[in-house]
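Peer 1: sequence first, then the predicted structure:
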Amino acid sequence: MKILFYIESLRSGGKERRLVELIKGLKKYPDIEMELVLTREDIHYTDIFDTGIKIHYTIRKGLKKDPRLFWEFYKIAKIFKPDIIHVWGSMVAFYAVPAKLLLKVPMINNQITDAPINKIKTFFDIINFRFSDLIISNSRAGLNAYKIKSKNAKVIYNGFDSSRINNLIPEEEVKKKLNIKTPFVVGMVASFSKAKDYKTYIAAAILILKKRSDVTFLCIGSGDDTSYKKMVMHDRKDNILLKFRTS
């Protein structure tokens, strides 16, 4: 079996990690051949190189929605002759539709990774889902948010590779580095954005700290944390820590 994966980049993110872990897992099967296509040269999960998978780049030039990428992806697919096209994002799914139709290849669509309230399907969503042979979400809420009723829709929940927590830095060392003096620590790791809802997390932390002071709440992520810093009252700044994560 030959699988052609298509995703914007391998920057730090949930779907990016899931794809890398999937490729690493599939490498255990010698009868599966894979290639990967990116629209940007951002690769934070460098263990993808250890898999030996061939990586193609269809780089956007100037335009956010560059029509050249329809042709660029089609050319790669025509040469590779995949049995399955597996897309991980709204725009790459859209770019892959012509190749899917012209080459008569089934397409698996993994673009649903959120569950927005009152989601309105975009033109790209409508086209992508119409031509997807299988739609995968990492939550039932995601399928409901996008109003996916198709029998060809499945949920595959996020997994976790426990080997990632081998050889961790000792707890005492981490606490010392972050100047944490409380016995209990609660952490949230996500980008500083509205989609991740740090607002609710910090509001809950403030409520708890009104009743007890033996807990430190960690907020670890990338992005603009200005509005969240304003939420942290002066007398709570030692118990609610915002740390910027660069990768």
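Peer 2: Done, it's in.

Peer 1: tell me the SS of the residue of the chain positioned farthest from its centre?
Peer 2: Counting by Cα atoms, centre = their mean, the extreme residue of the chain relative to its mean C-alpha position is K211, 35.7 Å from that point. Three-state assignment for K211 (DSSP: H, G, I helix; E, B strand; the rest coil): coil.

Peer 1: Y146: neighbouring residues, count only.
Peer 2: Using other Cβ atoms under 10 Å, the number of residues around Y146 comes to 21. Glycine gets a C-beta too; all of them are placed from N, C-alpha and C.

Peer 1: can you count the residues close to G14?
Peer 2: For G14, the tally of surrounding residues (other Cβ under 10 Å) stands at 12.

Peer 1: cool, I32 as well?
Peer 2: 15.

Peer 1: where's it relative to R164, distance?
Peer 2: Distance, I32 to R164, by Cβ to Cβ, to the nearest Å: 24 Å.

Peer 1: go on, I79?
Peer 2: 35 Å.

Peer 1: quick one: D42 and S9 touch, right?
Peer 2: Yes - between D42 and S9 there is a contact under Cβ atoms under 8 Å: 4.0 Å.

Peer 1: who's more crowded, the two?
Peer 2: Legend: neighbour count by other Cβ under 10 Å for D42 and S9, higher for S9 (17 against 12).

Peer 1: mind listing what the more buried one touches?
Peer 2: Contacts for S9 (Cβ atoms under 8 Å, 6 or more residues apart in numbering) come out as E16, L38, T39, R40, E41, D42, I43.

Peer 1: list the ones among these that fall in strands.
Peer 2: Per DSSP state E, strands hold the following members of these: L38.

Peer 1: narrow the contacts of S9 to those that are buried.
Peer 2: E16, L38, T39, I43 (16 or more other Cβ atoms under 10 Å).

Peer 1: give me the beta-bridge partners of the last one?
Peer 2: Going back to what we said before, that points to I43. Beta bridges link I43 to L10, judged by DSSP bridges.

Peer 1: and it, what does it touch?
Peer 2: With Cβ under 8 Å, 6+ apart, I43 has these contacts: S9, L10, R11, F49.

Peer 1: for ChimeraX, write a command that selects the buried ones of the residues you listed.
Peer 2: Filtering the contacts of I43 down to the buried ones (16+ other Cβ under 10 Å) takes a single ChimeraX command:
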select :9,10
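
Peer 1: single out whichever of the contacts of I43 has the smallest pLDDT.
Peer 2: Scanning the contacts of I43 for pLDDT, the smallest score is found at R11, 91.

Peer 1: tell me the contacts of the closest residue to V215 other than its chain neighbours?
Peer 2: The shortest distance from V215 to any non-neighbouring residue, by Cβ to Cβ, 6 or more residues apart in numbering, is to F184 (4.5 Å). F184 sits next to D214, V215, T216 when contact means Cβ under 8 Å, 6+ apart.

Peer 1: is it correct that D133 is in contact with V105?
Peer 2: No - here D133 lies out of contact with V105, judged by Cβ under 8 Å, at a distance of 9.0 Å.

Peer 1: comparing the two, which residue is more hemmed in?
Peer 2: Neighbours were counted for D133 and for V105 using other Cβ under 10 Å; V105 has more, 18 against 14.
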